[in-house]
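> can't give you the sequence, but here's the structure:
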Ligand SMILES: Cc1ncc(C[n+]2csc(CCOP(=O)(O)OP(=O)(O)O)c2C)c(N)n1
Ligand SMILES: Cc1ncc(C[n+]2csc(CCOP(=O)(O)OP(=O)(O)O)c2C)c(N)n1
Ligand SMILES: [Mg+2]
Ligand SMILES: [Mg+2]
């Protein structure tokens, strides 16, 4: 053939289940989710939202440092992890508090880490989350390695990794997708396309129409979903999970969502985006939509919501109290900076530790 | 729409003009190329082939060091550069001797560089080629920067960059394609897919059906062409060049070709590929096909070919003689290693230069 | 003269150089609309437009690699890596191409780019936002490595870096960004790359530092005078590579005693090279072992314990006293 | 004992460790079917299969990044970067993750990987195939940096590196790969990381080197004995980080005179740290300035001039004699 169009193995689909008000768009697409899980999803989305608000407050009060709020992205996170198993692994970036909490990570762990205590990253054995990864786009490669190892060990778990729209521009993202495609690893790549990478809008990040279509470059299926529709996200994650578990390899899921809050607490969005845009997306905010859906199914009442809100509030308060107590206990433990650099402390490091120990003593004396 | 297929802006086309024997597949696709350019293309393909053979011989004789033969890829290179202007820029990898010679780089420059004399990389002002770039996949970014600068200066030249199938796995390739897509730079990305990255076959490099389709990830058009069909390559380059010059941005051209020779002179392909495969591709070898086409058009006779071969042989011999004379002249100029590290030599470097100067003197004396 | 923070001073340098020279182009993540996350590029987009002030996609190798291409075409790209802790994604581009193109082509092609990036601890930041790894670049032949310590020398050095014909890695001490103001002349001012500066004269001991560590070093020097009646000579290295060892050695020939202060990890840090040079150049003048007061060989801790990691005036003072007490 | 080249010895180590431990996995470019471009992984694919010996796509960050993931799951990846000159593409993965995961999670997650890669000049190679930049890794807290000098210690060190619970960058001197044979015991042998080795005893001067530079150094030591009747003590550093300064300082306390030899660029090279440590640990024993015989602060030239760049026995000898002639 002189000039022929090559047909590509995959198409890029867009998926949504609920409309902006939370009504079903299509009965057939409604996932079968046990009621108690639906309610847990709602509770965790709400918990993540309130925890986010509280952390912002704590940061403004100087009780913790810089962190990345998740407001508006609760569905994109809970929809994914709710469709997975506890034994699966999660490899997050730095904006996945909701997903991490669902998977059993404690609020204290975040409070501690964001208060500058690395002890917050010491995750319990049974929580298969990696800690926050700050260098954008670098962590999907870890997910691919983890999932290769699972496959090697014959374990039928999967690995989900989260990253943002901006992360898709990094070379490491490309290499991760490509390795996963070649190795056919059980990896779910979840892009939380929240429209912004700090001040850089999605359209300046890449010229491709969707981020989902980037999967085509690797012979991997890509899906785009309404990331503010927790049911659509759930369906996409379930499909990707089944593919992965049945040995059909990785999937890229682009969750189209929006960062309703600040990039981080150090950021001032008014410098680069219009209030109208935020308001537009506020209407598509995921929690309200999901609540309407649950109400429509008589699974949730306004009274229930108040109830949940009350419980959550107390839960968060406990976490904050425990975390601040823990911070007090951890103060003055500067010498721990020498721990865990290596399994065994090398002599020169030991010398440096002694150096600091002497200095801290001297300081105490002079302070006393 | 609950579930809809997203239609993508670009399709991936496959293009070929000549069949394996060199007959036209489709009159309409035959590019209008002036006869003398057609003949120059033939001459340069042949020159590149013979120069390659001669360099291999010189390497085996220990007169030059390691280099990467191009045998079989002459059409993929000449077809591209023949469709471009002299004032355009070329950013090669390390297997583009044919393209570089077409653009006025001398055979001596290669002989010198591969004999271990960096002086071979000192290219004349009027040759707008960058020197060989060894780190795979890193040079396309330079092409994007160059073409951005051209656009900024309002120059209507374009930049063509060459790289291999393996290079598409590198993160830098991804970043280059993405920047070019966002900036809409006048860049032509030419992938010489020669089926192998040393011992790694194309199918192990990536799971995507074509390399051309990787362009979709960046909202950039991708074309796949028969890379052993110099006319098809020419047509693709002409189209990409027109797009670039008319401000329509970058194009990715995948030239499907084959490395008939060694990866480098340090390589032993019998360790990883079957002779049958090589023979199969030998049949699709680009020079013979092109010669048949030219004969069919009465532009070339066997007698002409002998003539050209004779001239080329002499030309190459001159180049080798000049290069070896130059090498003699350059021997003993070790101190030049301190030149061109910086525009001005810093004092400590000057000290080190004096150190080496003294050592070389001492050695001369002891040798004398 | 207007009083400026280091951020103002750097911004002034960029404004003035861009006005003077249309080859100068600024690119990086959030350098345009947002004016840079530390506002160093504030107002440049408004004044010079999108073609010269580019909000790039999120890719460090891409930023540096395309800057190399621009420089090859004759432009003077000033690219920003948002935090030096992410610059390693561009390591290959810097080591393999920016640092070598002049050498590789025997001067036929050159890469006059500046890579600006914030380094240093002390700002309660997240992981990867507080490192000091200038040694990586200082050990790379073909690169220049510059670190200012205050608003005035920051402005002068950035102007020199932009005009320099070779690639310059320019580390900005973020702890100093807004820490204090200094008079910075409106009219152009430069400081030669490769030249250290004696910022305080003294005969008893030489204190060598740079960047954010100049402040604890100078504080310690003051206290030495007040509390011990000792006059310390303080040298601001300013350019880590090429290192101006002559200025350092001259001081040591006078004082015979040396303390080096930096926040980079100790092993193979810039202090090691300074010791080695002083041993080469002024061994016979040394009256005591050279002391290194540095960051420890650990990852700089998150901010709860960060202060203990960073050299403090107390630490410098203690080391200086021990060095002074050593009998010759 | 069979006589082996360094390539054989490394291959033996890999074979034996893979037999012993199914957590050990080898991955990299051309490590499988081709057996590695230097044949170090020869035969592993045939013996252990595609799951454990992986020909990866051409992407260094990908190789290291996925190795990190494998290590997090409890495997022991031994990844190969085809030439150390390309390892910088994986710099961020090594610095930001491999080196930090244990520290970041307070021991909850660890990354026991080995990154094998050839370094050194002297093999008539192309650009980027002859560098020695071990200092980059040695300056990175959380990494270990190992460089063998001969077949026997290469085998022993690689076994130790594979069993080490922390990430190890393992530089293989390609100039030594097939340069000579040594008896290497069939039965397992290890050498502790972080321990230097005195390979030649002497009282007059200490010569410190490692990797491919051990040979010119030992040759110089021999000639010192033959031609000058001087007994040099020669120490093979073996582990660049963590550096065993005690063994070095002990020797210096005995000899008082030191020459350091490496092919890495001088400024901020490992020699600088060795000088700094010796000044800290044995200053009062030094009878002459410490001399560094190293690669120059330039890009190592293409092979026509490469020999002049690399420290030769003559160069080491000259430096040693000057050091010996210095009156105490
Ligand atoms: C490699 C790297 N470069 C730059 C940064 C600074 N930075 C932190 S978040 C961010 C934007 C990330 O955007 P995106 O991937 O869309 O994720 P989002 O923040 O929107 O969740 C940048 C530039 C970083 N952390 N890592
Ligand atoms: C970054 C980097 N990694 C590894 C190498 C070693 N190497 C040289 S060429 C090559 C294979 C390149 O394959 P491809 O891109 O298909 O180009 P080809 O050699 O087939 O022309 C490799 C692995 C290198 N030069 N650069
Ligand atoms: Mg985003
Ligand atoms: Mg190839």
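Thanks, I have it. Nothing here was measured: the structure is a model prediction, and the numbers come from that model. Ligands and ions are numbered 1, 2, ... in the order given.

> drop to CA atoms for contacts and neighbour counts, all remaining ones
Will do.

> report all helices and strands that the helix of greatest length in chain A contacts.
Secondary structure assigned by DSSP state H gives helix A:302-330 as the longest helix of chain A. Other helices and strands packing on helix A:302-330, by 3 or more C-alpha pairs under 8 Å, 6 or more residues apart in numbering or on different chains; DSSP states H and E, are helix A:35-60, helix A:107-114.

> any idea which helix or strand comes after it?
Using DSSP states H and E, the helix or strand that directly follows helix A:302-330 along the chain is helix A:347-367.

> burial check on residue C:132, number of neighbours?
23 (other C-alpha atoms under 10 Å in any protein chain shown).

> how far away is it from ligand 1?
Using C-alpha to the nearest ligand atom, to the nearest Å, residue C:132 is found at 16 Å from ligand 1.

> now do the phi/psi pair for that residue.
phi -140, psi 100 (degrees, to the nearest 10).

> any idea how far residue C:138 lies from residue C:274?
Per C-alpha to C-alpha, to the nearest Å, residue C:138 is found 12 Å from residue C:274.

> ugh, typo on my part, it should be residue A:343
From residue A:343 to residue C:274 the distance is 31 Å (C-alpha to C-alpha).

> now do the strands in the stretch 1-150 of chain C.
C:3-4, C:24-28, C:53-55, C:76-80, C:114-119, C:144-146 (DSSP state E, counting those that start in this stretch).

> columns distance to residue A:26, mean neighbour count and mean pLDDT on top of these, output as CSV?
Shown next, in CSV, are these (distance: least, C-alpha to C-alpha, whole Å; neighbours: other C-alpha atoms under 10 Å in any protein chain shown; pLDDT from 0 to 100):
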stretch, distance to residue A:26, mean neighbour count, mean pLDDT
strand C:3-4, 62, 18, 97
strand C:24-28, 44, 25, 98
strand C:53-55, 41, 25, 98
strand C:76-80, 48, 27, 98
strand C:114-119, 51, 24, 98
strand C:144-146, 61, 27, 98
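
> distance to residue B:246 added to those, as CSV?
Listed next are the strands of the stretch 1-150 of chain C as CSV, based on distance: least, C-alpha to C-alpha, whole Å:
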stretch, distance to residue B:246
strand C:3-4, 46
strand C:24-28, 24
strand C:53-55, 22
strand C:76-80, 26
strand C:114-119, 32
strand C:144-146, 39
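
> nearest to residue A:100 among these would be which one?
strand C:114-119 (30.3 Å; C-alpha to C-alpha).

> and that closest one, does that touch chain B?
No - counting by C-alpha under 8 Å from any C-alpha of the partner chain, chain B has no neighbours in strand C:114-119; the shortest distance is 14.4 Å.

> tell me what angle that strand forms with strand C:76-80.
On the basis of axes from the mean of the first three to the mean of the last three C-alpha atoms, to 10 degrees, strand C:114-119 is oriented at 20 degrees to strand C:76-80.

> just to revisit the earlier point, tell me the most buried of the helices and strands packed on helix A:302-330?
Counting by mean count of other C-alpha atoms under 10 Å in any protein chain shown, helix A:107-114 has the highest mean neighbour count of the helices and strands packed on helix A:302-330, with a mean of 24.

> what packs against the helix or strand that comes right after that one?
On the C-terminal side of helix A:107-114, the nearest following helix or strand under DSSP H and E is helix A:140-153. Helix A:140-153 sits against strand A:89-91, strand A:159-164, helix A:171-183, strand A:187-193, helix D:60-72, with contacts defined as 3+ C-alpha pairs under 8 Å, 6+ apart.

> how far is helix A:140-153 from where the chain is centred?
Counting by C-alpha atoms, centre = their mean, to the nearest Å, helix A:140-153 is centred 19 Å from the centre of its parent chain.

> ditto for stretch A:33-41
For stretch A:33-41, the distance to the chain centre is 20 Å (C-alpha atoms, centre = their mean).

> now do it: everything it contacts.
Stretch A:33-41 is contacted by residues A:78-79, A:82, A:299-300 when judged by C-alpha atoms under 8 Å, 6 or more residues apart in numbering or on different chains.

> can you put these in CSV and add distance to ligand 4?
Shown next, in CSV, are the contacts of stretch A:33-41 (distance: C-alpha to the ion, whole Å):
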residue, distance to ligand 4
A:78, 43
A:79, 42
A:82, 43
A:299, 59
A:300, 59
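
> keep only those of the residues you listed that are in helices.
A:78-79, A:82.

> ChimeraX command to pick out the buried ones of those residues?
Under the burial definition 16 or more other C-alpha atoms under 10 Å in any protein chain shown, those of the ones in helices among the contacts of stretch A:33-41 that qualify are selected in ChimeraX by:
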select /A:78,79,82
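
> distance to chain D and pLDDT for the ones in helices among the contacts of stretch A:33-41 - can I get that in JSON lines?
Below are these laid out as JSON lines (distance: C-alpha to the nearest C-alpha, whole Å; pLDDT from 0 to 100):
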{"residue": "A:78", "distance to chain D": "24", "pLDDT": "98"}
{"residue": "A:79", "distance to chain D": "25", "pLDDT": "98"}
{"residue": "A:82", "distance to chain D": "23", "pLDDT": "98"}
